[in-house]
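Student: just coords:
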């Protein structure tokens with residue numbers, strides 16, 4: 001565990017921040033922006049937890065908070081430095097863990113045939129805020145990946161996490177005895193079309209990264 005002996009160092013007064021490798025970069029660099037978004041995401045999850053969520057959701061979110069620290073470590077140490085530095089990294093097992101959580105909770109809350117409006121209990125509503133913050137963090141990471149090397153597992157993790165947060169919000173509402181309010185009904189063909197479009201766009205993005213040798217896993 002790191003030991004913090006000082007909170008302020010004055011080294012960032014010039015508008016730069018140190019990566020884990022000690023390299024100093026501008027505080028508005030894509031990499032710093034990306035793990036800044038992760039910090040915000042983790043904080044919004046903390047606010048949701050402070051409302052008093054059900055036990056299963058709380059336990060899941062605590063695991064996720066720790067995994068977000070691992071993802072932050074992953075971003076703070078660019079993969080070019082992987083040979084020189086041994087740090088925690090997001091791996092396929094973390095993505096699989098989220099998929100397992102989603103599958104288990106879906107057995108409890110059931111599948112949907114239309115879209116859900118964010119809301120319900122205060123805790124579930126804040127989990128939805130975390131979900132949208134997660135989507136923003138994912139977009140930041142995708143933007144970073146256009147310029148620098150980013151592991152596929154990192155992007156996959158955030159993509160899966162937003163889905164997990166969506167299901168966790170539904171589960172929390174169910175445990176609080178509240179219904180998840182549904183928006184306008186969408187025909188199956190429309191929902192399938194939207195999901196296929198998302199999948200095609202992601203596959204095209206992955207192919208472009210492979211061409212540029214930025215897709216590392």
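Tutor: Looks like it arrived, so ask away. Please read these numbers as outputs of a predicted model, since none were measured by experiment.
Student: ranges for the strands of the protein?
Tutor: Along the chain, counting by DSSP state E, strands occupy 16-18, 24-26, 114-116, 182-185.
Student: rounded mean pLDDT for the longest one, please.
Tutor: Spelled out, it's strand 182-185. For strand 182-185, the mean per-residue pLDDT is 58.
Student: with the second one instead?
Tutor: Strand 24-26 shows a mean pLDDT of 58.
Student: how about the helices in this structure?
Tutor: For the chain, the helices defined by DSSP state H cover 30-50, 55-76, 92-109, 122-147, 152-175, 188-211.
Student: got a list of contacts for the shortest one?
Tutor: Put plainly, it is helix 92-109. 60, 63, 67, 70, 153, 156-157, 160-161, 163-164, 167-168, 170-171, 174, 217 (C-beta atoms under 8 Å, 6 or more residues apart in numbering). All C-beta spots, glycine's among them, are computed from the backbone N, C-alpha and C.
Student: hmm, try it at 6 Å
Tutor: Helix 92-109 is contacted from outside by 60, 67, 153, 156-157, 160-161, 163-164, 167, 170-171, 174, using C-beta atoms under 6 Å, 6 or more residues apart in numbering.
Student: any chance of those in TSV, with neighbour count, pLDDT and distance to residue 86 too?
Tutor: TSV is the format used below for the contacts of helix 92-109 (neighbours: other C-beta atoms under 10 Å; pLDDT from 0 to 100; distance: C-beta to C-beta, whole Å):
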residue	neighbour count	pLDDT	distance to residue 86
60	21	98	28
67	18	97	18
153	18	93	17
156	21	95	22
157	27	97	20
160	20	96	25
161	28	97	25
163	15	95	30
164	23	97	28
167	23	95	34
170	22	93	39
171	24	95	36
174	19	92	42
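Student: most widely separated two among these?
Tutor: For these, the farthest-apart pair by C-beta to C-beta is 153 and 174; their separation is 30.5 Å.
Student: residue 100: neighbour count?
Tutor: 11 (other C-beta atoms under 10 Å).
Student: so it versus residue 164, what's the distance?
Tutor: 10 Å (C-beta to C-beta, to the nearest Å).
Student: tell me, what's the model's pLDDT at residue 111?
Tutor: Reported pLDDT for residue 111: 81.
Student: and it, its phi and psi?
Tutor: phi -80, psi 170 (degrees, to the nearest 10).
Student: that older thread, going by distance to residue 124, which of the contacts of helix 92-109 wins?
Tutor: Nearest to residue 124 out of those is residue 170 (C-beta to C-beta; 7.5 Å).
Student: now the closest one, nearest residue through space, not along the chain?
Tutor: Once flanking residues are discounted, residue 170 sits nearest to residue 109: 4.7 Å by C-beta to C-beta, 6 or more residues apart in numbering.
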